[in-house]
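Novice: model this:
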Amino acid sequence: MKNLLLGLLLLPTFASAGNLILQDVIRDVATSGMSITTSLNGQAAEVVYVGTDANCDAVSIMWSRQHIENFRVCHGEVQARNTVSPAWDENVGRPTFMSVVNNAILYGQARQKDGNGYLVSACALNAISHDCKNIEVIVSYEGDLVDLDVHEVCGK
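Specialist: Down below sits the predicted model:
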């Protein structure tokens with residue numbers, strides 16, 4: 001009984017420590033402007049630097065393909081957005097997507113909004129070989145992550 005009570009008393013401390021670690025990682029990604037893959041609270045997570053939105057850094061955590069949390073970092077303070085981004089219509093956005101990926105291949109990075117206001121951003125990552133590149137593509141809406149993918153492009 002004593003151990004159970006002690007465990008219940010320590011639970012908020014562990015939860016708070018996990019939240020502090022989460023905020024530190026979000027802050028680090030906002031400061032560096034670089035996305036990372038890591039483990040948070042025992043779960044695999046992609047912490048994605050989305051860009052800037054209203055003078056704050058937009059950072060999102062993709063816990064799985066079905067679960068994304070969006071944050072803003074303003075003056076070092078992490079704020080949860082508690083939003084759900086609308087689904088991206090790939091058929092409408094496809095021409096923009098192809099244009100952005102092709103420009104990222106040529107120039108290293110590119111970004112463009114599609115007709116529905118979704119921002120498609122792409123960045124060439126380190127080359128896999130002299131003939132292949134990884135292109136990271138981020139689709140966002142009003143600074144919130146909608147989709148993230150890395151495409152291997154060879155022969156261009």
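
Novice: And the residue nearest the centre of the chain, which helix or strand is it part of?
Specialist: The centroid of the chain falls nearest to residue 48 when counting by CA atoms, centre = their mean (2.2 Å). Assigned by DSSP states H and E, residue 48 belongs to strand 43-53.

Novice: and the helix or strand following that strand, what other elements does it pack with?
Specialist: Helices and strands here follow DSSP H and E; after strand 43-53, the next one along the chain is strand 56-64. Counting contacts by 3 or more CB pairs under 8 Å, 6 or more residues apart in numbering; DSSP states H and E, strand 56-64 packs against helix 2-32, strand 43-53, strand 67-74, strand 144-154. (Each C-beta comes from the backbone N, C-alpha and C, glycine too.)

Novice: Next, the contact list for residue 80, please.
Specialist: Residues near residue 80 by CB atoms under 8 Å, 6 or more residues apart in numbering: 69-71.

Novice: Tell me the one among those nearest to residue 107.
Specialist: Nearest to residue 107, judged by CB to CB, of the contacts of residue 80 is residue 70 at 28.0 Å.

Novice: From residue 152, how far off is the closest one?
Specialist: With distances taken as CB to CB, to the nearest Å, residue 70 is found 27 Å from residue 152.

Novice: Same list (the helices and strands packed on strand 56-64) but as TSV, adding mean pLDDT and distance to residue 95.
Specialist: Listed next are the helices and strands packed on strand 56-64 as TSV, based on pLDDT from 0 to 100; distance: least, CB to CB, whole Å:
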stretch	mean pLDDT	distance to residue 95
helix 2-32	63	30
strand 43-53	92	21
strand 67-74	95	25
strand 144-154	90	16
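
Novice: so of those, which one's packed in deepest?
Specialist: strand 67-74 (a mean of 20; mean count of other CB atoms under 10 Å).

Novice: can you list contacts of it?
Specialist: Contact with strand 67-74 is made by 26-27, 30, 50, 53-63, 78-81, 83, 85, 143-146, as judged by CB under 8 Å, 6+ apart.

Novice: so the strand holding residue 48 versus strand 144-154, what angle?
Specialist: Strand 43-53 and strand 144-154 meet at an angle of 100 degrees, taking axes from the mean of the first three to the mean of the last three CA atoms, to 10 degrees as the criterion.
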